[in-house]
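Student: Quick check, what structure comes out for this input:
(2 chains)
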Amino acid sequence: MRSLLSLVHWWVWRDARRRATNLLRFAEVEADGGRDIVRAAEQTRDPVLRKLFLVHALDEQRHAELFRERGRALMAQLPPGPDGGGRTQWLAPGERGLDDLRVEQERDGSLLAFLHLSEKTAARDFAHYVDVLGHDPATREVFEKVAHDEAFHMTYTHAQLLRVSPEGHGRLLWMARLRRLWSLYLRFAGALAGLIGAVILTLQYFILVPPFALLARRAQAREPLGWVAIPEQRNGALTRQY
Amino acid sequence: MKILGVSAHYHDAAAALVVDGLPVAAVQEERLSRRKNDAAFPMGAIEWCLDQAGLRPEDLDAVVFYERPMLKFDRILTSALRAFPHSRRAFAHAMKNTLGEKAWVRGLITAQLGVRRDKILFTEHHQSHAAAAFLTAPTRRAAILTTDGVGEWATTTVGRGERPADGPTRIILDREVRFPHSLGMFYSTFTAYLGFAINEGEYKVMGLAAYGRPSMVDQVRKVLRRTPDGAFALDLDYFEFHTSVTRSFSRRFVDLFGPPRLAHEPIDLETAEGRRFADIAASAQQVLEEVLVDLTRRLKRETGLPDLCLGGGVALNGVANTRILAESGFERLFVPSAPGDAGSALGAALYADRIHFGNPDRDIPDHPFWGPELDEADLARLAGEDGLPLQILDEPALIDLSVEDLAHGRVVGWMDGALEFGPRALGHRSILTAPHDLAMRDRLNRDIKYREEFRPFAPVVPIEAADRFFVLPPGGARLARFMSGVFPVRAEWRERLAAVTHVDGTARVQVLERDMAPRLHDLLLAYGRRSGVPVLLNTSFNLAGEPIVNRVVEGYSTFRRSGIDVLVAGRSRIVKRAVAQAAPREEVA
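Tutor: Next up is the predicted model:
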């Protein structure tokens, strides 16, 4: 399994354009994650956590800048071409930020557990990327720097979890693991539902829509360009939705 | 009557509460959720508005949504049909997006608030803009122009408003330009082409335009043409926003203007490519201005009225507003503090109050501070927990110390009173610095705002001194009240106001009357006595990608994460340890 994953990572990071695109996307994810951690710092009533969260947020901001700079540098070396954003996103997940977490609804303990697992996953992923980036020392160095910080984040979140919830930290970690699994399922289910919806709507589009499209186009041809008078009655009743 | 206005689902969701004809609360959802441009149904904003007035949802007489969702769906569906067979993705997206949630606003409001269905009303999108512009302005009769990307079908409307002392209030919109022909979409397409985010980066295009020459106006006029009746039309061959969910401009647009800028590419104005982008921005800006000036000239001739109220997102274009004031013939131009969709929540509530229910007109207080108040005690708690010495000062001491900070080149985070409603920081949630040297501008861009070098910073000046430093035409001070105009800095002051003078010698100045923000006004006068120049650089209190701060704790976290030296919240003040220990860096020149 591990060697298969390494093969996937190698394939993802082999191509320079894909590498640049992924780095630029990582920059966005890190910046978003940093903003969520700022929010966590603003929410908590625990001064120790607030300080640590603010340091963590600054780290994320710096990571975003590192990824952005390297992504731009790689992009600048490439000939103009299509922006490949999104095409390999599912293969190189990196950090997901906290996009599926409502920070303001979390207690300190559950947030720390979630952060700890996120950082642990990120540290592991980044270690994989370092392994397969031997051919690109500059990008490898970026991941090494970031991975070093992730190790600190992983450590402090665990230590603080033990402090704020000495009895219940194990339960909180398991809850966080289950929530991550649930999020993964929702992401997968959402993607599948989107795919099914797109297929059904595409079929409808080509089977049901053409006669209406014809009518809509004929109506469009009759529409004048420029000003259109607004009928008096439209300046009236507010009960209609249409 | 108690009327709640709501805007949501496109960008910048907001809620506003009107009680007995006057606003009592208005706030954008992003300021509470801390997600920039939050478009979600603004439950947080609604709850805050109701709490502020001590109301429960069942106490409301009406909830007014700022547009007609089914009419909007009609436009989206019809546009997809017209573009058949190139709109497959747009069709699927529109169906999922609109039928998934956005079309069922009545049900959503009922479910979320428990308000009876018959209490839920809908204004048209541009009626909301018109009401936000006209009913909040200190004028009795005015011409109205609203222009934005699109609401339901209308993209631009013109009309007039009356609120006589002894009769019913009226807002009559006479005619409209319909989607896809849209000045807002025209400008947003250039925004996307220049690599900025749509609905957010338009002001960057305006800032970039000052660095360019309008050398491509002929090409721009090809894509935005005038119609014989004095309106305008887009040549749709150059656009894709009406058929695509991912792309605003077509291959032909690229053939005409050259390769677009990718979002991650920095703009280097020293290179030919950077100058090309600046020239394109300048050309698009000039053509937009020409069209707006012509529309308003015609409106002036038609109505003969001295005042014009301007609403919709395009009214945030301060350079165009200034040209309208100078060239349209209108004597006064009113732009509300929130002319975009957020302000429509207030517009919708006021429209329902005055026009639908026929309640008597009341003058709206002429300020933008309808959001949450500061809780100064929070700063004492935070500073205490983090071991930072806090000073609670009387008014004169606070002003004196702040003047010293500013004179020594420190950056001051300034929080005072209630939060602004709208996109501009107008003195209650601001970052203030001395306006004198370019190094300060660069420091703000680099260490605090983390933003592009070409973007200018705005000054704030007391109204008594405004003419001394800025070339304000008649009506200019009014337009500058909510930072809605861009005016030349007087040549003799440009060097002393280098940090706020844009490359073309202008500034988006805020002209401050004491009634609006007394503490900031006092600070400006005191700084003037100290430095000889009662002008400060005033930029919004936020970091890149974040909404303007609301609560003290958000100001505090911004202070801790950035190069801000001093934080003032009400009468409380803290400084960074390094600043407190350091000797003064530089005196005012």
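Student: From here on, just use CA atoms for contacts and neighbour counts.
Tutor: OK.
Student: Which residue, neighbours along the chain excluded, lies closest to the residue nearest the centre of chain B?
Tutor: Nearest to the mean C-alpha position of chain B, by Cα atoms, centre = their mean, lies B:Pro423 at 3.6 Å. Computed as Cα to Cα, 6 or more residues apart in numbering or on different chains, the closest residue to B:Pro423 that is not its neighbour in sequence is B:Ala338, at 6.6 Å.
Student: what helix or strand is that neighbour on?
Tutor: B:Ala338 belongs to no helix or strand when elements are defined using DSSP states H and E.
Student: Would you pull up how far the strand or helix carrying B:Ala233 lies from the middle of the chain?
Tutor: Using DSSP H and E, B:Ala233 maps to strand B:232-234. Centre-to-centre, strand B:232-234 and its host chain are 25 Å apart (Cα atoms, centre = their mean, to the nearest Å).
Student: Return the list of strands paired to it, each annotated with direction.
Tutor: Strand B:232-234 pairs in its sheet with strand B:224-226 (antiparallel), by DSSP bridges.
Student: Distance-wise, check A:Ala41 relative to A:Val55.
Tutor: 10 Å (Cα to Cα, to the nearest Å).
Student: I should have written B:Thr243 there, sorry.
Tutor: Distance from B:Thr243 to A:Val55, by Cα to Cα: 45 Å.
Student: try B:Arg225
Tutor: In this view, B:Arg225 and A:Val55 are 53 Å apart by Cα to Cα.
Student: Look at those two and report which has more neighbours.
Tutor: Between B:Arg225 and A:Val55, A:Val55 has the larger neighbour count (other Cα atoms under 10 Å in any protein chain shown), namely 19 against 16.
Student: from the chain's centre, how far out does the helix or strand the more buried one falls within sit?
Tutor: In the assignment (DSSP H and E), A:Val55 maps to helix A:47-77. Chain-centre distance of helix A:47-77: 15 Å, with Cα atoms, centre = their mean.
Student: Tell me how far the longest helix along chain A lies from the chain's centre.
Tutor: Assignment by DSSP state H gives helix A:169-207 as the longest helix of chain A. From the chain centre to the centre of helix A:169-207 is a distance of 14 Å (Cα atoms, centre = their mean).
Student: Packing partners of that helix?
Tutor: Helix A:169-207 sits against helix A:108-132, helix B:88-94, with contacts defined as 3 or more Cα pairs under 8 Å, 6 or more residues apart in numbering or on different chains; DSSP states H and E.
Student: List the buried residues of the following helix or strand past the first one.
Tutor: Next in sequence after helix A:108-132, counting helices and strands by DSSP H and E, comes helix A:137-164. Burial within helix A:137-164, assessed by neighbour count using 16 or more other Cα atoms under 10 Å in any protein chain shown, is assigned to A:139-140, A:142-144, A:146-147, A:149-151, A:153-154, A:156-158, A:160-162.
Student: what about residue 71, how many neighbours?
Tutor: Just so you know, I chose chain A. For A:Gly71, using other Cα under 10 Å, the count is 25.
Student: I was thinking of chain B, sorry if that wasn't clear
Tutor: B:Leu71 has 18 nearby residues by other Cα under 10 Å.
Student: Check which helix or strand it maps to.
Tutor: Using DSSP H and E, B:Leu71 falls within helix B:69-82.
Student: what mean pLDDT would you report for that helix?
Tutor: Here helix B:69-82 scores 91 as its mean pLDDT.
Student: Name the residues that touch that helix?
Tutor: Helix B:69-82 is contacted by residues A:209-210, A:212-214, A:216-217, A:220, A:241-242, B:87-88, B:90-91, B:94-95, B:98, B:102-105, B:151-153, B:242-243 when judged by Cα atoms under 8 Å, 6 or more residues apart in numbering or on different chains.
Student: hang on, the earlier thing: which SSE is immediately downstream of the strand holding B:Ala233?
Tutor: Next along the chain after strand B:232-234, taking DSSP H and E as the criterion, comes helix B:251-257.
Student: And the next helix or strand past that following helix?
Tutor: helix B:272-303.
Student: Check which helices and strands that following helix sits against.
Tutor: Right, helix B:272-303 is packed against strand B:141-147, helix B:183-193, helix B:202-209, helix B:217-223, helix B:318-327 by 3+ Cα pairs under 8 Å, 6+ apart.
Student: Please repeat the previous calculation with a cut-off of 7 Å.
Tutor: Counting contacts by 3 or more Cα pairs under 7 Å, 6 or more residues apart in numbering or on different chains; DSSP states H and E, helix B:272-303 packs against helix B:202-209, helix B:217-223, helix B:318-327.
Student: In JSON lines, list these along with mean neighbour count, mean pLDDT and distance to chain A.
Tutor: Output for the helices and strands packed on helix B:272-303, formatted as JSON lines (neighbours: other Cα atoms under 10 Å in any protein chain shown; pLDDT from 0 to 100; distance: least, Cα to the nearest Cα, whole Å):
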{"stretch": "helix B:202-209", "mean neighbour count": "23", "mean pLDDT": "94", "distance to chain A": "19"}
{"stretch": "helix B:217-223", "mean neighbour count": "17", "mean pLDDT": "97", "distance to chain A": "14"}
{"stretch": "helix B:318-327", "mean neighbour count": "22", "mean pLDDT": "97", "distance to chain A": "20"}
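Student: Could you export those as a markdown table, including distance to B:Asp363?
Tutor: Shown next, in a markdown table, are those (distance: least, Cα to Cα, whole Å):
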| stretch | distance to B:Asp363 |
| --- | --- |
| helix B:202-209 | 31 |
| helix B:217-223 | 42 |
| helix B:318-327 | 24 |
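Student: Can you pull the residues of chain A lying near chain B?
Tutor: A:42, A:47, A:58, A:72, A:198, A:201-202, A:205, A:212-213, A:216-217, A:225-230, A:235, A:238-242 (Cα under 7 Å from any Cα of the partner chain).
Student: Please identify which helix or strand holds residue 40.
Tutor: No chain specified, so I'll use chain A. helix A:16-43.
Student: so which of the helices and strands packed on helix A:169-207 comes closest to B:Pro456?
Tutor: Closest approach to B:Pro456 among the helices and strands packed on helix A:169-207 (Cα to Cα): helix B:88-94, 36.8 Å.
Student: how big is the angle separating the helix or strand following the closest one from helix B:69-82?
Tutor: Following helix B:88-94 in sequence order, the next helix or strand is helix B:105-113 (DSSP H and E). With axes from the mean of the first three to the mean of the last three Cα atoms, to 10 degrees applied, the angle from helix B:105-113 to helix B:69-82 works out at 130 degrees.
Student: In the longest helix of chain A, which residues are buried?
Tutor: Within helix A:169-207, judged by 16+ other Cα under 10 Å, the buried ones are A:169, A:172-173, A:176-177, A:180, A:197-198, A:201-202, A:205.
Student: quick one: contacts for B:Asp235?
Tutor: Shown in contact with B:Asp235 (Cα atoms under 7 Å, 6 or more residues apart in numbering or on different chains): B:223-224.
Student: Next one: it from chain A, what distance?
Tutor: 11 Å (Cα to the nearest Cα, to the nearest Å).
Student: repeat for B:Arg116
Tutor: Per Cα to the nearest Cα, B:Arg116 is found 13 Å from chain A.
Student: Kindly report the same for B:His125.
Tutor: 11 Å.
Student: residues near that residue, how many?
Tutor: Residues near B:His125, counting by other Cα under 10 Å: 29.
Student: which residues sit in contact with the residue nearest to it when sequence neighbours are not counted?
Tutor: Distances taken as Cα to Cα, 6+ apart place B:Glu67 nearest to B:His125, at 4.3 Å, with adjacent residues excluded. Residues near B:Glu67 by Cα under 7 Å, 6+ apart: B:122-125.
Student: what about B:Glu67, which SS state?
Tutor: Per DSSP: H, G, I helix; E, B strand; the rest coil, the secondary structure class of B:Glu67 is coil.
Student: secondary structure element for the residue of the stretch 301-450 of chain B found nearest chain A?
Tutor: Ranked by Cα to the nearest Cα, the top residue of the stretch 301-450 of chain B for proximity to chain A is B:Glu385, at 6.0 Å. Following DSSP H and E, one finds B:Glu385 within helix B:377-386.
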